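>>> 3D, please:
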Amino acid sequence: MSDLQNTITLLLKKAAELYQKEFYTEALQTCEQAIRLNPLLASARTNRGIVLKKLGRYSEALLAYDRSLMLNPSASGTHYNRGLVLQELDRWQDAVEAYNKAIQLDPEYVEAYSAIGVALKHLGHYNEAAEAFKQALRRNPDLVNEQYYLACLGNAETPSQAPDQYIIELFDNYASSFDTELVDKLEYRAPQQIYEAIHTYISDQFETLEILDLGCGTGLCGVLVAKHARQLVGIDLSQNMLAKARAREIYTDLIQSDLLASLNNHQAKYDIIISADVFIYIGDLAEIFHKASRLLHTNGFFAFSIETTSKEVEYEINATGRYSQSLKYIQKLADNNNLQIIENQSVILRRQEYHPVEGAIIVMQKSPR
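Numbers count the residues shown, from 1 in each chain. Down below sits the predicted model:
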C-alpha cells in the first residue's frame with residue numbers, strides 16, 4: 001500500500017470513529033480530507049453522505065451519494081443510503097426506486113426490503129408493502145418492527161401494543177424535530193386540549209399537586225401543568241425525548257422505562273396522571289388503567305387522549321402504526337377501575353397527510369370506594 005493510500009485509509013478510519021462518538025462535524029471534515037487526496041474514491045463520498053444525513057443536510061447528502069454512484073454504480077449500500085435521504089426529502093417514490101436498485105444488486109439486502117416496505121406503506125401501496133416486509137422476514141425472522149408493520153397492514157395478528165424497539169427507534173430519531181413537526185406542521189394540540197379539559201378542576205391550585213406524566217416525551221404536557229405541581233414526574237421510553245424534557249427544567253424526576261414496568265414499581269400516589277398521544281401505541285389498556293387507578297389519590301384525575309374508532313371492537317391497529325380505541329371500551333375500563341368519566345370531548349388531535357385525525361380527550365376521576 002502506498003503512503004497516499006495508507007493516509008486515506010487512516011483518515012476514513014478516523015472519520016468512522018468520530019461518527020461513532022457523535023462528533024459529526026469533525027467526521028465530515030475528515031471525510032473531506034480523504035476526498036481531497038483522492039477525488040475518485042467512491043467510498044469516501046458515500047461516507048460523507050452518511051455524515052451529511054446525520055447533520056440534517058439532506059440535499060448535500062443526496063449529491064454526495066450521486067457523485068459516489070457515478071464512480072461506483074454497483075454499490076448497493078450507496079443506493080440504499082440514497083433512498084433513506086430521498087425519504088427525508090419527501091421523495092418517497094424515488095426512494096422506492098433507490099431501494100429496488102439496491103435489491104437488484106444484492107437480493108439478500110434485508111434492510112433494503114424493510115426500507116422499501118416503509119416507503120410503500122407511506123405511499124398507500126399496502127399489499128406491496130406487506131410483501132416487502134415478508135421478504136425481509138424470510139431473510140431474518142427475528143425482525144421485530146417488520147412483524148409489527150405486517151400487523152398494521154392486516155397481515156398478522158394484532159399485538160396488544162407496539163414493540164419497545166419500534167417506539168425507541170421512532171422517537172429517538174424524531175426527538176430533535178418533534179415539537180416543530182407536530183405542533184407547527186401537523187397542528188398537534190393534544191397537550192393543550194388535555195390541559196384545557198382538566199384546568200377547570202385545578203385552576204386554583206398552584207405548586208401543590210403531585211402529577212405523573214405518562215409518556216412525557218419532550219415535555220409538551222408537562223410545561224402546561226408545571227405551575228400546578230409540587231412534584232412533576234415524567235416517564236418515557238426514549239432517552240432522546242427525555243433529554244429534551246430534561247432541558248425544560250420543569251420535572252422533579254424523569255424515568256426512562258416502559259410504562260407498565262415503571263407503574264409496577266411505583267409506590268407514590270398522585271393527584272393527577274396525564275398522558276398525551278401515548279395510548280395510540282398501546283391497544284390493550286387494561287393494565288395501564290388498573291395501575292393508574294392504584295396510583296391515584298381518591299378524587300384524583302386521569303386525563304389522556306386517544307384516537308377513536310366507531311367499530312364494535314375494543315381497539316384496533318391502523319396502517320399508520322397507531323391504535324384506536326372505542327369509547328365503549330374506555331367506559332368499560334373506567335367501570336372496572338373505580339373511575340368516573342367527567343369529561344369526554346371529541347376533538348381533532350392532529351393532521352395526517354392533510355387529513356384530520358379524530359380522537360377524544362378523556363378526564364376521569366377516581367371515586368371513593
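
>>> on the three-state scheme, residue 312 is what?
coil (DSSP: H, G, I helix; E, B strand; the rest coil).

>>> name the helices or strands packed onto the strand or helix carrying residue 331?
According to DSSP states H and E, residue 331 maps onto helix 327-336. Where contact means 3 or more C-beta pairs under 8 Å, 6 or more residues apart in numbering; DSSP states H and E, helix 327-336 is packed against helix 286-295, strand 339-352, strand 355-366. Backbone N, C-alpha and C define where each C-beta goes, glycine included.

>>> got the buried residues for that helix?
Within helix 327-336, the residues scored as buried using 16 or more other C-beta atoms under 10 Å are 327, 329-330, 333-334.

>>> so which of those residues comes closest to residue 205?
Residue 205 lies nearest to residue 334 out of these, by C-beta to C-beta, at 23.5 Å.

>>> domains of this structure?
Partitioning the chain according to automatic domain parsing yields domains covering residues 3-160, 171-366.

>>> worst average pLDDT in those domains?
Sorting the domains of the chain by mean pLDDT places domain 171-366 lowest, at a mean of 93.

>>> check contacts around residue 4.
37-38 (C-beta atoms under 8 Å, 6 or more residues apart in numbering).

>>> how close does it get to residue 10?
Distance, residue 4 to residue 10, by C-beta to C-beta, to the nearest Å: 11 Å.

>>> same deal with residue 255?
From residue 255 to residue 10 the distance is 43 Å (C-beta to C-beta).

>>> now swap in residue 189 and tell me
52 Å.

>>> who's more crowded, the two?
Higher neighbour count among residue 189 and residue 10: residue 189, with 19 against 12, using other C-beta atoms under 10 Å.

>>> phi, psi of that one?
phi -130, psi 10 (degrees, to the nearest 10).

>>> contacting residues around it?
183, 347-350.

>>> and residue 171, by the same measure?
178, 217, 236-238, 240-241.

>>> now do residue 307
280, 318, 322-325, 349, 357-359.

>>> burial of residue 268, as a residue count?
Using other C-beta under 10 Å, the number of residues around residue 268 comes to 10.

>>> which strands and helices sit next to the helix or strand that contains residue 131?
Element membership for residue 131 (DSSP H and E) is helix 126-139. With contacts taken as 3+ C-beta pairs under 8 Å, 6+ apart, helix 126-139 sits against helix 110-122, helix 144-152.

>>> ok now the last one, how far from the chain's centre?
Distance, stretch centre to chain centre, for helix 144-152: 15 Å (C-alpha atoms, centre = their mean, to the nearest Å).

>>> what comes into contact with that helix?
114, 117-118, 121, 129-130, 133-134, 136-137, 156-159, 162-163, 165-166, 169, 317-321.

>>> pull it out as CSV, backbone CA atoms only.
Provided in CSV are the C-alpha atoms of helix 144-152 (Å, rounded to 0.1, in the frame of the first residue of the first chain):
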residue,chain,number,x,y,z
VAL,A,144,-39.5,-7.0,15.4
ASN,A,145,-40.6,-3.9,13.5
GLU,A,146,-41.4,-5.7,10.3
GLN,A,147,-43.7,-8.1,12.2
TYR,A,148,-45.4,-5.1,13.7
TYR,A,149,-45.8,-3.5,10.3
LEU,A,150,-47.4,-6.6,9.0
ALA,A,151,-50.0,-6.5,11.8
CYS,A,152,-50.6,-2.8,10.9
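
>>> can you name the element that comes right after that helix?
helix 164-174.

>>> gap between that next one and the chain center?
With C-alpha atoms, centre = their mean as the basis, the distance from the averaged C-alpha position of helix 164-174 to the chain average is 4 Å.
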